[in-house]
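In: Sequence below, structure please.
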Amino acid sequence: MKSLYDIPAPAKLNLFLHIVGRRTDGYHLLESVFMLIDWCDTLHFERRTDGLISREDLSVPLPTDDLVVRAAHALKKLSGTHLGAHIAIDKRIPSQAGMGGGSSDAASTLLALNRLWQLNLGLDALLPLGLTLGADVPFFLGGQNAWVTGIGENLSAITLPPAQFLVVKPPDGLATERIFSHPNLKRDTEPAIISGFAADAYGFGRNDLQSVAQQICPGVSQALTWLNSLGLDGRMTGSGSVVFARTLQEMNLQAPPGFQIKQCNNLAAHPLNGWAT
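Out: Sure thing, here's the model as predicted:
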């Protein structure tokens, strides 16, 4: 095998996000449901025999040492392979959006290079490696929608009913550290249970980060107001600036100036689910 083309890296939405505490080392304890959606980046991989890792940006320019490059180098070091790869990325998922785009790219890179380099590593090896790259990477490696606890490392696969969502990205992004360091962040939400979520999967809970995000990022409030004008009940996903709302039908809409909108479907499983077991 010399190449793998059109490898998808799907985004995720946090259906809710509660902060239930904080560890002594400063990390926040979370409770959330991560749901895969069909807003994807696309990656292409060509095997190199000289051992080098190179990257080509097909759309949005990325930082030199982005998560894809770091993932490739980390897998190469772990495996000891003499092979390298040229990786081309068609970046479609917005950055600083709370949709896990960079982490998803890293996970798809680990899965694709594991196959391209014929390493035959299982999830028992890839999951710890993914966690060193980012807290969300193990979720995308696991391949299933999940109930999430801890600092994001505890994942329990769940099944979600098919649904459509209108996803809105305002012009400005939002850096995670700005929210989690904010003094007004609520950090004491009572823990929930899966059965409570299952009774109202698409209306359960809230995003505890949203009120702080609205204070420091006007675009979040503007996006929520726009969804409300359509009769939709929106909320923020993750710790970025994207907001979303469930819809019951396709909507032919014109985005506000500077906004990105996309009608998305959720995914029952990651397109690469089963590439490592």
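
In: buried ones in stretch 241-250?
Out: Applying a neighbour-count criterion of 16 or more other Cβ atoms under 10 Å, the buried positions in stretch 241-250 are 241, 242, 243, 244, 245, 246, 247. Backbone N, C-alpha and C define where each C-beta goes, glycine included.

In: go on, stretch 3-10?
Out: 4, 7, 9, 10.

In: between these, which is closest to residue 231?
Out: When the buried residues of stretch 3-10 are compared for distance to residue 231 (Cβ to Cβ), residue 10 comes out closest, at 27.6 Å.

In: what about residue 108, helix or strand, and which?
Out: Element membership for residue 108, per DSSP states H and E: helix 101-116.

In: Of the buried residues of stretch 241-250, which belong to helices?
Out: Counting by DSSP state H, the buried residues of stretch 241-250 place none of their members in helices.

In: out of these, who's nearest residue 51?
Out: residue 242 (37.9 Å).

In: helix/strand/coil for the closest residue to the closest one other than its chain neighbours?
Out: Nearest non-adjacent residue to residue 242, counting by Cβ to Cβ, 6 or more residues apart in numbering: residue 97, 4.2 Å away. With DSSP: H, G, I helix; E, B strand; the rest coil as the basis, the three-state label of residue 97 is coil.

In: what's the answer for residue 30, then?
Out: Criterion first, three-state DSSP; result for residue 30: strand.

In: For it, name its beta-bridge partners.
Out: In this entry, residue 30 is beta-bridged to residue 19, residue 150, by DSSP bridges.

In: was I right about it contacting residue 17?
Out: Yes: contact between residue 30 and residue 17 holds when scored by Cβ atoms under 8 Å: they sit 6.6 Å apart.

In: Settle it for me: which of those two has more neighbours?
Out: Taking neighbours as other Cβ atoms under 10 Å, residue 30 and residue 17 compare with residue 17 leading, 24 against 21.

In: can you give me the angle the one helix or strand the more buried one maps to makes with helix 101-116?
Out: Assigned by DSSP H and E, residue 17 falls within strand 3-22. With axes from the mean of the first three to the mean of the last three Cα atoms, to 10 degrees as the basis, strand 3-22 and helix 101-116 are set at 130 degrees to each other.

In: packing partners for strand 3-22?
Out: strand 28-48, helix 101-116, helix 137-142 (3 or more Cβ pairs under 8 Å, 6 or more residues apart in numbering; DSSP states H and E).

In: and those as CSV, adding distance to residue 64?
Out: Listed next are the helices and strands packed on strand 3-22 as CSV, based on distance: least, Cβ to Cβ, whole Å:
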stretch, distance to residue 64
strand 28-48, 17
helix 101-116, 14
helix 137-142, 20
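
In: To residue 199, which of the ones you listed lies closest?
Out: Residue 199 lies closest, by Cβ to Cβ, to one member of the helices and strands packed on strand 3-22: strand 28-48, at 13.1 Å.

In: now for the closest one, which elements pack on it?
Out: strand 3-22, strand 84-90, helix 101-116, strand 146-150, strand 164-169, strand 260-265.

In: Buried residues, that strand. List them.
Out: 28-37, 39-47.

In: Count the residues that sit near residue 50.
Out: Neighbourhood size, residue 50 [other Cβ under 10 Å]: 8.

In: Check residue 146 too.
Out: The burial metric for residue 146, expressed as a neighbour count using other Cβ under 10 Å, is 21.

In: Roughly how far does it sit from residue 66?
Out: Using Cβ to Cβ, to the nearest Å, we find residue 146 at a distance of 24 Å from residue 66.

In: got it, and residue 72?
Out: 10 Å.

In: Neighbour count for these two, which is higher?
Out: In terms of neighbours (other Cβ under 10 Å), residue 72 is the more surrounded of residue 72 and residue 66; the figures are 23 against 17.

In: Which secondary structure state does the more buried one sit in?
Out: Going by three-state DSSP, the secondary structure assigned to residue 72 is helix.

In: Identify the bridge partners of the residue nearest to it when sequence neighbours are not counted.
Out: On the basis of Cβ to Cβ, 6+ apart, the spatially nearest residue to residue 72 that is not a chain neighbour turns out to be residue 53, at 4.6 Å. The bridge-partner assignment for residue 53, based on DSSP bridges, gives residue 85.
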